[in-house]
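# Have a look at this fold, sequence not included:
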């Protein structure tokens, strides 16, 4: 029994306001505990494997062209993302400058003046909470069994024997093999697996890239310690599989679920404001009862049903090569090939959503108010979309957004007529939107807005004698995290 719930649902008076009573009943009805990671084995960031995973995560040695790292798009100080609508991975003007001000070099391959990655960088926070799939289109996916993971390498429909043990580590293998993200364009002769093995050999000092780093002993010692094999050789220990496992340990250590909402769920009625309570009621109640039915998709303690939905998000950026002009993104359809999945994207988690913007699969919205307003009535939001909110320079095809997104709107309306699983318009007022946003802010773990806390997930500066550690800085030249 959750503390405080039994008396809260009895009514008003001394047991709390009517909103508390109603909200606590909704909490029970939705089987919420406040902690999606309850019962999970969370790696400690102080553990040797997570520490090595962190050093690898921050290393440009894992980029085939050595100018980007995992952290390029997923920095703890930037909400586990990069604060950009659309990322710029390889070929940046200043590789160590992250977030606002990061630009693509005019001399880099495929330069067109704008961001090079067609989808927003999802947060790495609470990766351990996902059970089903990762990426906006779910292309890293558990199938058949808890331990069977399909990937693009296996054609999506069958288990990838090299996918490793969990979703986070399986996912970590793919930015390394993406030209726009980490691979670059100087190794186009290498397929995905060859690229992974190439960078593993680089940091291990063996294989094709054996002479590229001046000090591979820096890495071997860490692998020997983390894997408890002090006599292990580089070829035995520094493999692409172990690199993926270690990156997964680091990502899965980013467990941030201690928030005001959790306290409220556990019975502390003073943990959140009255506005947040009203927002929560709107969030959980059906539209027919005056709510917004956000929980239709954002369900459970993860605040995601882990399913795929067409919410007609504005189509901006390079796109994924879909459509007549090859500037659209067909979303989940690209994985399944099913017409019903056109324009569908995975429901994101809302944990720590306050710090994980911009929002949408392509970062089309840069404020929580704007994305909530879109969800309240997508067609109206598209009609009134304000491109001035986009602070990133050079985002492509903004002028064609309406044409592209109209197709997603048409698909949404068709699905509604056919009574498929879609969310209806709630048409929230401005004040109701403010209340929902107030509720969303209660999902923020105090650590993710505390630099001293987040510093645990950032390595000390200049550890790597090879010069490949990405010590991130902002546009003013300030180092993000410990110096």
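Right, received. Where do you want to start? Because the structure is predicted, anything quoted here is derived from the model rather than measured.
# which ones are touching residue 379?
By C-beta atoms under 8 Å, 6 or more residues apart in numbering, the contact list for residue 379 reads 312, 409, 412, 413, 425. Bear in mind the C-beta positions are built from the backbone N, C-alpha and C, glycine included.
# Can you name the next helix or strand after the longest helix belonging to the chain?
Counting by DSSP state H, the longest helix found in the chain is helix 401-417. Proceeding N to C from helix 401-417, the next assigned helix or strand is helix 430-441, under DSSP states H and E.
# Show me the shaky parts of this structure.
Across the chain, the ranges flagged by pLDDT under 70 are 1-17, 144-147, 482-483.
# Nearest residue to the middle of the protein?
For the chain, the residue nearest the mean C-alpha position is residue 122 (2.0 Å; C-alpha atoms, centre = their mean).
# ranges for the strands of the stretch 201-350 of the chain?
For the stretch 201-350 of the chain, the strands defined by DSSP state E, counting those that start in this stretch cover 308-309, 345-346.
# And for the last one, what's in contact with it?
Under the criterion C-beta under 8 Å, 6+ apart, residues 133, 135-138, 304, 306-311, 313, 331-332, 361 lie in contact with strand 345-346.
# and those residues, which of them are in helices?
Using DSSP H, none of the contacts of strand 345-346 sit in helices.
# Nearest to residue 60 among those?
Taking C-beta to C-beta as the measure, residue 60 sits nearest to residue 135 out of these, at 22.6 Å.
# From residue 332, how far out is the closest residue to the closest one other than its chain neighbours?
Among residues not flanking residue 135 along the chain, residue 171 sits closest, at 6.9 Å (C-beta to C-beta, 6 or more residues apart in numbering). As judged by C-beta to C-beta, to the nearest Å, residue 171 and residue 332 stand 16 Å apart.
# still on that earlier bit, which of the strands of the stretch 201-350 of the chain sits closest to residue 25?
strand 308-309 (26.3 Å).
# Number of residues surrounding residue 185?
14 (other C-beta atoms under 10 Å).
# On the three-state scheme, it is what?
Following DSSP: H, G, I helix; E, B strand; the rest coil, residue 185 is assigned to coil.
# Could you name the helices and strands sitting against the helix or strand hosting residue 373?
According to DSSP H and E, residue 373 maps onto helix 368-376. Helices and strands touching helix 368-376, by 3 or more C-beta pairs under 8 Å, 6 or more residues apart in numbering; DSSP states H and E, are helix 378-383, helix 430-441.
# same thing but at 7 Å, please
When contacts are defined as 3 or more C-beta pairs under 7 Å, 6 or more residues apart in numbering; DSSP states H and E, helix 368-376 sits against helix 430-441.
# So which bits of the helix it packs on are buried?
For helix 430-441, the neighbour count (16 or more other C-beta atoms under 10 Å) marks 432, 433, 434, 435, 436, 437, 438, 439, 440, 441 as buried.
# same thing with stretch 33-47?
Going by neighbour count (16+ other C-beta under 10 Å), the buried part of stretch 33-47 is 34, 35, 36, 37, 43, 45.
# for stretch 400-418, same thing?
When neighbours are counted by 16+ other C-beta under 10 Å, the buried residues of stretch 400-418 are found to be 400, 401, 404, 405, 407, 408, 409, 411, 412, 415.
# Can I get those in TSV including distance to residue 216?
Formatted as TSV, those follow (distance: C-beta to C-beta, whole Å):
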residue	distance to residue 216
400	48
401	48
404	47
405	49
407	51
408	49
409	54
411	52
412	53
415	54
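# Now for residue 175: which residues touch it?
Counting by C-beta atoms under 7 Å, 6 or more residues apart in numbering, residue 175 makes contact with 70, 181, 182.
# Between the two ends of stretch 331-344, how far is it?
One end of stretch 331-344 to the other measures 5 Å (C-alpha to C-alpha, to the nearest Å).
# Could you give me the buried positions within that stretch?
Buried, per 16+ other C-beta under 10 Å, within stretch 331-344: 331, 332, 333, 334, 335, 336, 341, 342, 343, 344.
# Compute the distance from the centre of that stretch to the centre of its chain.
In terms of C-alpha atoms, centre = their mean, to the nearest Å, the centre of stretch 331-344 is set 20 Å apart from its chain centre.
# swap in stretch 111-120?
Chain-centre distance of stretch 111-120: 17 Å, with C-alpha atoms, centre = their mean.
# before we move on, the earlier item: quick check, nearest of the buried residues of stretch 33-47 to residue 377?
When the buried residues of stretch 33-47 are ranked by distance to residue 377 (C-beta to C-beta), residue 36 comes first, at 29.0 Å.
# and the residue nearest to residue 378 when sequence neighbours are not counted, how far is that from residue 328?
Beyond its immediate neighbours in the sequence, the residue positioned closest to residue 378 (C-beta to C-beta, 6+ apart) is residue 312, lying 4.1 Å away. Using C-beta to C-beta, residue 312 is found at 12 Å from residue 328.
# before we move on, what about residue 460?
Per C-beta to C-beta, residue 460 is found 44 Å from residue 328.
# before we move on, what about residue 158?
Applying C-beta to C-beta to residue 158 and residue 328 gives a distance of 28 Å.
# again with residue 118
10 Å.
# next one: residue 388
Residue 388 is 23 Å from residue 328, by C-beta to C-beta.
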